[in-house]
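Visitor: One predicted model, sequence on top.
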There are 2 protein chains.
Amino acid sequence: MTDQLASTLITKLCVSNDLNERDLQALRRLPIQRREYGAREAIVSDRQRPHVCCLVTEGFAFRSKTTFEGQRQVLSLHLPGEIPDLQSLHLHVMDHDLTTLTPCVLGFIAHEAILALNKERPSVAAALWRETLIDAAIFREWLLNLGRRPADARMAHLLIELYYRLKALGRERNGEFELPLTQADLGDCLGLSTVHVNRVLQQLRGDGLIEVERTRFRLVNIPKIEKFSEFDPTYLHLDPKN
Amino acid sequence: MTDQLASTLITKLCVSNDLNERDLQALRRLPIQRREYGAREAIVSDRQRPHVCCLVTEGFAFRSKTTFEGQRQVLSLHLPGEIPDLQSLHLHVMDHDLTTLTPCVLGFIAHEAILALNKERPSVAAALWRETLIDAAIFREWLLNLGRRPADARMAHLLIELYYRLKALGRERNGEFELPLTQADLGDCLGLSTVHVNRVLQQLRGDGLIEVERTRFRLVNIPKIEKFSEFDPTYLHLDPKN
DNA sequence: CGTGGATTTGAGAGAAATCAAATCATGTGG
DNA sequence: CCACATGATTTGATTTCTCTCAAATCCACG
C-alpha cells in the first residue's frame, strides 16, 4: 500500500506545483514505511537528529515549541499530504517538536531516498523546496497575526487560513470543515489563554461569523470574515504560478 | 568588483555550510549587479514578481508586512551576506516587503543565474535551500517569542539573537555591536508599541543586562540574558553539522 | 452512572496600548 | 555659530485588552 501513501503526497504537491508524469512516477517509487500513531503522540522531538521525513497520510499533526515554564506555542498545523519535517533534510538537528493531533497514518521516508530522488528529478526537488518555502510564508503571516492583530481578528484569520488549505485538499463543504483542535490548542496557536479563546469564539459566533460545535467549524459569512481578519490567500501560494 | 560582492555571500554561506573550492569558484562566477540604496528604500514590494534576488553586501535590510491600519510587523532582519528574498526563486509573487534599513550596497542576481548554478553545483543548491530553511527556523523562534514571551524577555531574546548572528560574521566585540534600529523599529520587530519598547529597554538597563546608546548595543551579562530570555542558539543552525 | 476532559462563567489583576506632552539630539540654513 | 526644524527618546496618565484564578457546567465514554 505504499502507493496509497504516495498518492496523498502527490495530491498535495500537485496543488501548488506543476509536476509531469515522470515526476509522479518517480514519487510513486519512493520507499515509504507506513506506521499508525495515536492522538497526541510525539513523532520527532526537539534536539533529535532524524534520518527520515514524516509524511502525514491520514489525520492532523502540529509542530510546536515550549517555554521553560511549559507555555506552548504551536508553529504550524499539518494536513494530509504534507511533510512537516521536510526541513530536517538539510537542518540536521530538530529545533522544535512534531506531534500528532489526531490518530494518524504516517509514512516515513529516508532522507537518502529523498536526496536521491532530488538528484534524479530536479523538478521534484524544486517542488519540495517550494513546499518548505510555503511553510515559511505561512510562518510569516502568523508572525503578523501574533504581533499585530487583536485576538478576535487573529482567531478569524487562523480559521479562514485553514478553510482555504482544507478546501484545496477537498476537505471542506459550504464553509464547513472538521478541525480537531480544542480551545486550549487554539490558544497555543494564537498565543492566547484558553479562557480568552472561549470568549473570542463566543464573540465571533455572536457576530454571526462562525458556528462551532465540538470540532466542526462552519464559516457562515466568508467575505465578512476575510474583511474582518484582513485575510488574503496570496501567502498560501496555492497557485503554481504564484 | 563583482568579486567583492560574491565574497560577502561566500563568507555568509560558509558560516553554516560546508562548501568546497569548486563550489566557491562557481559562486565567484555568478553575475551580480551592484547597486547602492539609501536608508529606508523599498527593494521589492508585496505583490511584485521579481526575477532577481537581492544580496545584501553592506548595510542592513528587513522584511515586513503591514496591516490595513498601517501597523507594521517586521518579519526578519538581514545582515551582509544574506539574500533576504531568496524565496522568490520558487515563490513567484512577493507576500511581503523588503526594505533597506541603512544605506546599503546591494547585489542583484538573476533567478536564471542561480537556477543554472544550482544545476551545475548541487551542493550550492543544498546550501541555498538550507539558508532558506534557517530563515524559517528563525521565524519559528520569533513565533514563540511573539506568542509566549513577555515584553522584556522578548526584547532580550531579539538582542541576543542578533548578537550571535553578528558575531558569526565578525561584527561584534565584547558583546557590543552596531544595530541601526530605532525604538519604533524594535517595536515593529516585537509586536510592541514604541512607548513600551522604551520602558522595557530602561528596565533591562536598570537590571544591568544591557547598555544602549543610540544604535550601539552592549550586552553586559550574556549568561544572564540567555537565562532570562531562554535563549538557546540551536535554532540558528550556525554549525553545518546541526 | 461516574469520571475526566473540555467548555463556560465570573471576578479581579496585570501587561501593554493609547494619548499627549516634554525633552533630547542632530543636522540645516541663515 | 546660533536658531530652528525634525525625528527619536522619555515621561505621565489613563484605558483597554488579555491573563489568572477559581468554580460551575457540559459532554463523551467506559
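Guide: In hand now; what should we look at? Numbers count the residues shown, from 1 in each chain, chains lettered A, B, ... in the order given.

Visitor: Relative to DNA strand D, which residue of chain A is the closest?
Guide: In chain A, the residue that lies nearest DNA strand D is A:His196 (2.9 Å; CB to the nearest atom of the strand). All C-beta atoms are positioned from the backbone trio N, CA, C, and that covers glycine.

Visitor: The stretch of helix or strand that residue belongs to and DNA strand C in contact?
Guide: Assigning secondary structure by DSSP states H and E places A:His196 in helix A:194-206. Yes - Helix A:194-206 lies within reach of DNA strand C by CB under 7 Å from any atom of the strand, at A:194-195, A:198-199, A:201-202.

Visitor: PyMOL command for the buried members of these?
Guide: One line in PyMOL is enough to select the buried members of the residues of helix A:194-206 next to DNA strand C, burial here meaning 16 or more other CB atoms under 10 Å in any protein chain shown:
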select buried, chain A and resi 201
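
Visitor: any idea how far the residue lying farthest from the centre of chain A lies from A:Pro223?
Guide: Farthest-out residue of chain A from its mean C-alpha position, per CA atoms, centre = their mean: A:Gly206, at 28.2 Å. Distance of A:Gly206 to A:Pro223, given as CB to CB, to the nearest Å: 18 Å.

Visitor: what does A:Thr215 give?
Guide: Using CB to CB, A:Thr215 is found at 25 Å from A:Pro223.

Visitor: okay, these two: which has more neighbours?
Guide: Taking other CB atoms under 10 Å in any protein chain shown, A:Thr215 and A:Pro223 do not tie; A:Thr215 has more neighbours (12 against 7).

Visitor: What does the more buried one show for phi and psi?
Guide: Per-residue torsions, A:Thr215: phi -100, psi 20 (degrees, to the nearest 10).

Visitor: Tell me where the model's unsure across chain A.
Guide: Low-confidence segments of chain A (pLDDT under 70): A:1-2.

Visitor: one more time with 50, if that's ok
Guide: Within chain A, the set of residues satisfying pLDDT under 50 is empty.

Visitor: What helix or strand is A:Glu211 located in?
Guide: strand A:210-213.

Visitor: Okay, and the beta partners of the most centrally placed residue in chain A?
Guide: Nearest residue to the geometric centre of chain A (CA atoms, centre = their mean): A:His78, 2.5 Å. Counting by DSSP bridges, A:His78 is bridged to A:Ala61.

Visitor: Distance check, it against B:Leu162.
Guide: Plainly put, A:His78 is 30 Å away from B:Leu162 if you go by CB to CB.

Visitor: repeat for A:Arg214
Guide: 44 Å.

Visitor: Pick out whichever of those two has more residues nearby.
Guide: More crowded of A:Arg214 and B:Leu162, by other CB under 10 Å: B:Leu162, with 21 against 9.

Visitor: Dihedrals phi and psi, that one?
Guide: Reported as degrees, to the nearest 10, the phi and psi values for B:Leu162 are phi -70, psi -40.

Visitor: Would you mind giving both backbone torsions of the residue nearest to it when sequence neighbours are not counted?
Guide: Residue nearest to B:Leu162 in three dimensions, not counting chain neighbours: B:Leu179, with 6.1 Å by CB to CB, 6 or more residues apart in numbering or on different chains. For B:Leu179, the backbone dihedrals (degrees, to the nearest 10) come out as phi -140, psi 100.

Visitor: Let me know whether B:Leu179 touches B:Thr215 as I believe.
Guide: Yes - with contact defined as CB atoms under 8 Å, B:Leu179 reaches B:Thr215; the gap is 5.8 Å.

Visitor: Buried residues of the helix or strand hosting A:Pro223, list them for me.
Guide: Following DSSP H and E, one finds A:Pro223 within helix A:222-229. Buried positions in helix A:222-229, judged by neighbour count with 16+ other CB under 10 Å: A:225-226, A:228-229.

Visitor: swap in stretch A:201-210?
Guide: Residues of stretch A:201-210 classed as buried by neighbour count (16+ other CB under 10 Å): A:201, A:204, A:209-210.

Visitor: which one of the residues you listed sits closest to B:Tyr235?
Guide: A:Leu201 (31.9 Å; CB to CB).

Visitor: residue contacts, the closest one?
Guide: A:155, A:183, A:186, A:210, A:212 (CB atoms under 8 Å, 6 or more residues apart in numbering or on different chains).

Visitor: Could you double-check that A:Gln4 sits in contact with A:Thr57?
Guide: Yes - A:Gln4 is within contact range of A:Thr57, at 7.3 Å (criterion: CB under 8 Å).

Visitor: more neighbours, the two?
Guide: Using other CB under 10 Å, the more surrounded residue of A:Gln4 and A:Thr57 is A:Thr57, with 23 against 13.

Visitor: Can you show me the strands along chain A?
Guide: A:33-37, A:42-44, A:52-58, A:61-66, A:72-78, A:97-100, A:104-110, A:176-178, A:210-213, A:216-219 (DSSP state E).

Visitor: Quick one: residues contacting the nearest residue to A:Val52 once chain neighbours are set aside.
Guide: If the residues on either side of it in the chain are set aside, A:Val52 comes closest to A:Phe108, at 4.5 Å by CB to CB, 6+ apart. Under the criterion of CB under 8 Å, 6+ apart, the neighbours of A:Phe108 are A:32-33, A:35, A:52-55.

Visitor: hmm, 10 Å instead?
Guide: By CB atoms under 10 Å, 6 or more residues apart in numbering or on different chains, the contact set of A:Phe108 is A:5, A:31-35, A:43, A:50-55.

Visitor: what does A:Leu86 give?
Guide: By CB under 10 Å, 6+ apart, the neighbours of A:Leu86 are A:53-55, A:109, A:114, A:128-129, A:131-132, A:135, B:133.

Visitor: Please apply the same query to A:Cys53.
Guide: By CB under 10 Å, 6+ apart, the residues touching A:Cys53 are A:32, A:44, A:83-89, A:107-111, A:113-114, A:128.

Visitor: Recalculate using a threshold of 7 Å.
Guide: Residues in contact with A:Cys53 (CB atoms under 7 Å, 6 or more residues apart in numbering or on different chains) are A:83, A:85-86, A:88-89, A:109, A:111, A:114.

Visitor: do A:Val56 as well
Guide: A:Val56 makes contact with A:78-80, A:82, A:84, A:104, A:106, according to CB under 7 Å, 6+ apart.

Visitor: Identify the bridge partners of it.
Guide: Residues in a beta bridge with A:Val56, per DSSP bridges, are A:Leu106.

Visitor: and the gap between it and A:Ala136?
Guide: Counting by CB to CB - A:Val56 and A:Ala136 are separated by 18 Å.

Visitor: gap between A:Val197 and A:Pro240?
Guide: Distance, A:Val197 to A:Pro240, using CB to CB: 35 Å.

Visitor: what number of residues lie near the nearest residue to A:Leu190 once chain neighbours are set aside?
Guide: Spatially, and ignoring its direct neighbours in sequence, A:Leu190 is nearest to A:Arg154 (5.1 Å; CB to CB, 6+ apart). Number of residues near A:Arg154 (other CB under 10 Å) recorded here: 23.

Visitor: Counting neighbours, what do you get for the residue nearest to A:Arg35 when sequence neighbours are not counted?
Guide: Closest residue to A:Arg35 apart from its sequence neighbours, by CB to CB, 6+ apart: A:Leu106 at 5.3 Å. Number of residues near A:Leu106 (other CB under 10 Å) recorded here: 22.

Visitor: Please give me every residue in contact with A:Leu106.
Guide: Shown in contact with A:Leu106 (CB under 7 Å, 6+ apart): A:35, A:37, A:43, A:54-57.
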